[in-house]
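Participant: here is my input; please provide its structure:
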Amino acid sequence: MKPSRSILFACAIAVTGQVLGQAPQLKKQNVSKPVRLTAPAPKPALKVFRPKSEKLVFIDGDRVMLIGDGLIEQMQKHGYLESRLTAGNSGKKLHFRNIGWSGDTPAGIARDGLGTLQAGHESANEGWIQLKKQIAGIKPTVAVIGYGMASSLDGSSLDKFKSDYLRLV
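Facilitator: Residues are numbered from 1 along each chain as shown. This is a model prediction of the structure:
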């Protein structure tokens, strides 16, 4: 055995011995049922959605808009979803526009500063105004919406996210 392997092997045995030797010893209790040491974590209230029986059917000439935060923006580089949708709808001419923006929310927060008035002179909802302009320019017939990552980190509430999302839809 090589000297370096011998040293590593000896260290591994020593560390294992230390870990096993320092393991806490639990006292035996006269309890018929197992004892729970911590309270179970509360389960989040999830809404159950039944699978839709309808399939999304594309029509020749559909304008598919991909909109969302960083995950959607990264699709600009890889185009996997566009390739799959195009291959699955052969014979149909589909047009894709990806307007994903890292750090964006359904209210268009990351799009602030895109207006004609620069240096902080935009209105408070400038991001929303710019988002609406971009969508109006595309005139989508199908939208793939992927928001949530940036919204989960911006400190706003779930109710705010829902209302902004519904306004966008």
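Participant: contacts and neighbour counts: CA atoms only from here.
Facilitator: Fine.
Participant: which residue is the nearest non-sequential neighbour of residue 91?
Facilitator: Closest residue to residue 91 apart from its sequence neighbours, by Cα to Cα, 6 or more residues apart in numbering: residue 60 at 7.9 Å.
Participant: surely that neighbour and residue 92 touch.
Facilitator: Yes. At 4.5 Å, residue 60 counts as touching residue 92 under the criterion of Cα atoms under 8 Å.
Participant: what is the burial count for residue 147?
Facilitator: Counted with other Cα atoms under 10 Å, residues neighbouring residue 147 total 22.
Participant: next: residue 70.
Facilitator: Counted with other Cα under 10 Å, residue 70 comes out at 19.
Participant: can you give me the helices in the protein?
Facilitator: For the chain, the helices defined by DSSP state H cover 3-21, 70-78, 80-88, 126-138, 149-153, 158-168.
Participant: residues contacting the last one, please?
Facilitator: Counting by Cα atoms under 8 Å, 6 or more residues apart in numbering, the neighbours of helix 158-168 from elsewhere in the structure are 106-107, 151.
Participant: out of those, who's the most crowded?
Facilitator: Counting neighbours by other Cα under 10 Å, the top entry in these is residue 106, with 28 neighbours.
Participant: wait, isn't residue 68 in contact with residue 150?
Facilitator: No. In this structure, residue 68 is not within contact of residue 150 by Cα under 8 Å, at 9.4 Å.
Participant: these two: who's more crowded?
Facilitator: Between residue 68 and residue 150, counted using other Cα under 10 Å, residue 68 has the larger neighbour count: 25 against 19.
Participant: can you give me the pLDDT of the more buried one?
Facilitator: For residue 68, the pLDDT comes out at 90.
Participant: can you check the pLDDT for the residue nearest to residue 73 when sequence neighbours are not counted?
Facilitator: Sequence neighbours aside, residue 100 is the residue nearest to residue 73 in space, at 4.1 Å (criterion: Cα to Cα, 6+ apart). According to the prediction, residue 100 has pLDDT 90.
Participant: doesn't residue 106 make contact with residue 100?
Facilitator: No. Using Cα under 8 Å, residue 100 makes no contact with residue 106, being 10.8 Å away.
Participant: find the residues that touch each one of these two.
Facilitator: Contacts common to residue 100 and residue 106, judged by Cα under 8 Å, 6+ apart, are residue 68.
Participant: CA atoms only for stretch 160-169, dumped as CSV, please.
Facilitator: Output in CSV follows, covering the C-alpha atoms of stretch 160-169 (Å, rounded to 0.1, in the frame of the first residue of the first chain):
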residue,chain,number,x,y,z
LYS,A,160,-49.5,40.3,-3.2
PHE,A,161,-48.0,37.7,-5.5
LYS,A,162,-51.4,36.2,-6.3
SER,A,163,-53.0,39.6,-7.0
ASP,A,164,-50.1,40.7,-9.3
TYR,A,165,-50.2,37.3,-11.0
LEU,A,166,-54.0,37.5,-11.6
ARG,A,167,-53.6,41.0,-12.9
LEU,A,168,-51.0,39.8,-15.4
VAL,A,169,-53.1,36.9,-16.6
